[in-house]
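Peer 1: Mind folding the following:
(chains A and B)
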Amino acid sequence: MSNIKIKSKNLDVFYGDKQALFDVNLDLNEKEVTALIGPSGCGKSTFIRCINRMNDVIDICKVTGNIEMDGMDINDKNLDVVALREKVGMVFQKPNPFPKSIYDNISYGPKIHGKGETKSELDEIVENSLRKSALWEEVKDRLDEPGTSLSGGQQQRLCIARAISVNPEVILMDEPCSALDPIATAKIEELIDELKKTYTIVIVTHSMAQAVRVSQKTGFFHLGKLIEVGKTEKVFKNPDNKMTQDYITGRFG
Amino acid sequence: MTKEERLKKRHRAEKRFRFYGLTSIFVALLFVVILVQNIFSKGSSAFKKTVITTEVFFDQELLEIQNGASQEEIMEADFYDIMIENLIKAYPAKDREQEDQLLKLFSGDAEIEIKKAFLNDNNLIGKTITLDLTASDDIDQLHKGNYPRDLPEERRRISDFQLVIYDYFVENKKISKNFNNYFFNNGDSRDPELAGIGGALVGSFYSILICLLLAFPVAVLASIYLEEFAPKNKITDFIEININNLAAVPSIVYGLLALQILLATIQLPRSTPLVAGITLALMTLPRIIIPCRASLKAVPPSIREGALAVGASKFQSVFHHVVPLALPGTLSGTIIGLAQALGETAPLILIGMVAFVVDIPSSPVDPSSSLPVQVYLWSESAERGFVEKTSATIMMLLTFLIVMNFVAVYLRQKFEKRWN
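Peer 2: Here you go, the predicted model:
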């Protein structure tokens, strides 16, 4: 049994008067991929956005309850979110590279955190990040070209490289393959397999097959409630809950 | 209705709409062409001035200075007698009355023009040179063909005798048209042939510069704060509504405000580009804030989230990513706002820029005119010469506006980056 990296206890999230998450208790294991599945609007994204406090951006969003990373209270008002997000990277549903060069896309994070003091250090970080995201061979000769000139799949791997560049401990992925074709998706999945050796990964996905392929643990959300969580094999082969059974067999959702 | 009938009806509706659209565009273009043609036909002649080629002899007896005199000596010397002596030789006049009429063919600046020739070459005493002296407004208009010479003499400003002299000049090729440097270099004048937009150009330049320096930083910082940092609450909404309202306030109201606060209370010098610039800045501020906020809003939230997710602070995500992307829109919005300010007349009239200012302002606190106010001033003058100058000034103003708008479009296209 691996260590618990992130632990949420009685987590509630409200958007104004509307409650989006109800009493979520979910543990994420270190250096493991946890997949979150469930129909649209069930709170999967809301949950992972609690981990790096991205919900702060939304004025009306209020988070109560407890969520911890290595015993540190993420929800603490006095917590420096900049330091938190250095440890918890995120990849979004739609690839969102900065409209800057490929190099600048990767080097931006290390720069603002003071990680690459010299040009050669930065070069090294950029190369390592691109290698880890399996993009280096494709772009090594055109690092000056805008990140937006890449194909959709390459852009998403660029975004993964950008997340890796600051050397986080956790990577959150919010439907990272929903805008990609099957070949690009396969590459990203391969990449996730590789990355889990170093990072704790949480992935939100609408594809059951993807959840089965990449994750060790799966959580099923429905209407803001965590219905079932367990080893991926168990959840998909022999779920405890009738609703989970119905969802994974495609009877609703 | 059958299916075919309905289909036909839909096609007819589309055709009708295309026809209406084309007609509207045609009508709009027609108006533009009429306007431009009207301004050009009236104004283009103002870029030329009529000059009379005259021989000038620098008689030692009439001048109290020597060859090689210093600049100050020449400036103080009296060239009036030299002018009279030489000009009356341009045509054989019989008596004092005719000499007076002959002198009136030249502009009021003939003496200064002769003095300038001497300033250029201070060894002219005892020599004769040929000078192109500016003609009076009446002769200028006559030569440009704008003067009705077939009216009876008592209804003309030009006498029969003056017409005889004019015809003599034309016959002997002593009269010609030159580039009108006075129009660009001179300030305003009561004499149309000497009046120019130099003062108005400088005044407008200072006003717009001050307007830019005040309005741009305030507008940009206000937009960034309101769009990115301000909490979304009633106060922010209230400010937003009022900025939109302020942009729609008639400009003359800003003139009244400036009159009361800047001139009456703070007692800044009236008729100056300083006050004009501040007034125009107040007026332009909301007009820049609106496009600035729109271009900030147009930056997709995914860029902000991307920056925040790698651990950028709010400030870093805004200034490293959002602002650079919004800059082209911001700049073009600013230029369009300034172009509006450049053409603004009403508030400037209220702060006293309609004053008759001959001197070209040397600083923003000197009394001055501005281009649109100069148009307004001259359009009220009866003299023929001011009619063409009014149109010529409008041409200059339009040129500046078109250039500014092109710069705005160019900046937007050059620096606009595409995102996803």
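Peer 1: What's the separation between the most centrally placed residue in chain A and A:I6?
Peer 2: The residue lying closest to the centre of chain A (C-alpha atoms, centre = their mean) is A:L172, at 1.5 Å. A:L172 sits 10 Å away from A:I6, going by C-beta to C-beta, to the nearest Å. Heads up, the C-betas are built off the backbone N, CA and C, glycines and all.
Peer 1: Show me whatever sits in contact with both of these two.
Peer 2: Residues touching both A:L172 and A:I6 by C-beta atoms under 8 Å, 6 or more residues apart in numbering or on different chains: A:51, A:202.
Peer 1: Wait, a helix at the residue nearest to the centre of chain A?
Peer 2: No. A:L172: not assigned to a helix; according to DSSP: H, G, I helix; E, B strand; the rest coil it is strand.
Peer 1: isn't it right up against A:V91?
Peer 2: Yes. At 7.1 Å, A:L172 counts as touching A:V91 under the criterion of C-beta atoms under 8 Å.
Peer 1: where in the stretch 101-250 of chain A is pLDDT low?
Peer 2: Of all residues in the stretch 101-250 of chain A, none has pLDDT under 70.
Peer 1: Contact residues of it facing chain B?
Peer 2: Contacts of the stretch 101-250 of chain A with chain B, taken as C-beta under 8 Å from any C-beta of the partner chain, map to A:108-109, A:112-113, A:146, A:148, A:159, A:162-163, A:165-166.
Peer 1: closest to chain B among these?
Peer 2: Of all these, the one with the least separation from chain B (C-beta to the nearest C-beta) is A:G109, at 3.8 Å.
Peer 1: Skip ahead from the strand or helix carrying the closest one and say which helix or strand is next.
Peer 2: Assigned by DSSP states H and E, A:G109 belongs to helix A:102-112. Remark: after helix A:102-112, the chain's next helix or strand is helix A:119-132, criterion DSSP H and E.
Peer 1: And that following helix, what does it pack against?
Peer 2: If you count contacts as 3 or more C-beta pairs under 8 Å, 6 or more residues apart in numbering or on different chains; DSSP states H and E, helix A:119-132 packs onto helix A:102-112, helix A:136-139, helix A:152-165.
Peer 1: For the last one, which helices and strands make contact with it?
Peer 2: Okay, so that is helix A:152-165. Applying 3+ C-beta pairs under 8 Å, 6+ apart, we find helix A:152-165 packed against strand A:88-91, helix A:102-112, helix A:119-132, helix A:136-139, strand A:170-174, helix A:182-195, helix B:301-309.
Peer 1: Deepest-packed of these, please.
Peer 2: Greatest average neighbour count among the helices and strands packed on helix A:152-165 goes to strand A:88-91 (a mean of 27), per mean count of other C-beta atoms under 10 Å in any protein chain shown.
Peer 1: what mean pLDDT would you report for that strand?
Peer 2: Strand A:88-91 carries an average pLDDT of 94.
Peer 1: Tell me the strands beside that strand, with direction?
Peer 2: strand A:170-174 (parallel) (DSSP bridges).
Peer 1: Outside of the strand it pairs with itself, list whatever touches it.
Peer 2: Strand A:170-174 is contacted from outside by A:5-6, A:28, A:45, A:48-49, A:51-52, A:69, A:87-93, A:160, A:163-164, A:192, A:195, A:199-204, using C-beta under 8 Å, 6+ apart.
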